[in-house]
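Participant: Kindly generate the corresponding structure for this input.
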Amino acid sequence: MATGRCDWLELRIHHPESFRPIQVTCRNGETKPIWAFTKVVRLKKFGRKRLVIVHEQADLQDPPRFLLTDALHWESGRVMQTWSYRWSCEVFHEVSKQHTGLESAQVRNEEAVNRHFRLSCVAQSILQRTACSGAQSERFEFAQGKQTVGQKLYTLTRQAFDDLLQFIVTRCSHGHTNEQILQALLPS
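Facilitator: Take a look at the predicted model:
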């Protein structure tokens, strides 16, 4: 198999079908032209894998990106499109470990870990879909005009406290005692 950039250029010159032009829709919705070579290869200790070599320039002068997958039936465009999601997956993984408590979960069995992870995913999804009641971000350049996760979390916290206060006020107006309200909130 060829190893250097010149070898890949020779491959394209002698076998024009080897690097095919493909339009890939990336995670951000942008359609991007790429030139891809793909082949199923057998690797020692790992077995059969699909290798996709991607160039972003038609002349193949840019450094190639090498992608490897277990999905032998995938086309090179699908491999590249999936790869474009890598950063959001890494960020989600980091958030789920650090901010939702998955990393410090005190559970010991697999079912409890799965339940905790699912709840973390639900919490993250709710957080992402929440609209802020406050101002848009002006502090961070990357978030100009957008609502930050912190702002969304603040909004959710205020909504939760508002619901709690409404619940308590309603119970008090119906003559419930503090003990009855606590029992409704935190059943024994």
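Participant: What helix or strand is Thr157 located in?
Facilitator: The secondary structure element spanning Thr157 is helix 149-173 (assigned by DSSP states H and E).
Participant: Off-centre distance for that helix?
Facilitator: Once both centres are worked out by C-alpha atoms, centre = their mean, to the nearest Å, helix 149-173 turns out to sit 29 Å from its chain's centre.
Participant: after it, next one along is what?
Facilitator: Past helix 149-173, the next helix or strand by DSSP H and E is helix 178-185.
Participant: From the chain's centroid, how far away is that following helix?
Facilitator: The answer for helix 178-185 is 40 Å, by C-alpha atoms, centre = their mean.
Participant: what's the answer for stretch 170-178, then?
Facilitator: For stretch 170-178, the separation from the chain centroid amounts to 45 Å (computed by C-alpha atoms, centre = their mean).
Participant: Need the contact partners of that stretch.
Facilitator: By C-beta atoms under 8 Å, 6 or more residues apart in numbering, the residues outside stretch 170-178 that reach it are 180-181, 184. For every residue, glycine as well, the C-beta is placed using N, CA and C.
Participant: who wins for neighbours among these?
Facilitator: Compared across the contacts of stretch 170-178, Ile181 has the highest neighbour count, 15 neighbours, by other C-beta atoms under 10 Å.
Participant: Let me know the closest of the contacts of stretch 170-178 to Glu10.
Facilitator: In terms of C-beta to C-beta, no member of the contacts of stretch 170-178 lies closer to Glu10 than Ala184, at 75.7 Å.
Participant: thinking again about what came up before, pick out whichever of the contacts of stretch 170-178 sits closest to Glu94.
Facilitator: Ala184 (37.1 Å).
Participant: The residue nearest to that closest one when sequence neighbours are not counted - how many residues pack around it?
Facilitator: Taking C-beta to C-beta, 6 or more residues apart in numbering, and ignoring the residues beside it in sequence, Ala184 has Arg171 as its nearest neighbour in space, at 6.9 Å. As a burial measure, Arg171 scores 16 neighbours (other C-beta under 10 Å).
Participant: One more: Phe37?
Facilitator: 21.
Participant: Am I right that it is in a helix?
Facilitator: No - using DSSP: H, G, I helix; E, B strand; the rest coil, the secondary structure at Phe37 is strand, not a helix.
Participant: any idea how far it is from Gln61?
Facilitator: Remark: distance between Phe37 and Gln61 (C-beta to C-beta, to the nearest Å) = 15 Å.
Participant: Please apply the same query to Leu156.
Facilitator: Counting by C-beta to C-beta, the gap from Leu156 to Gln61 is 49 Å.
Participant: Can you pick out the residue with more neighbours from these two?
Facilitator: Taking other C-beta under 10 Å, Leu156 and Gln61 do not tie; Leu156 has more neighbours (16 against 9).
Participant: any idea how far the more buried one lies from Gln124?
Facilitator: 12 Å.
Participant: Next: Lys97.
Facilitator: Taking C-beta to C-beta, one finds Lys97 at 11 Å from Gln124.
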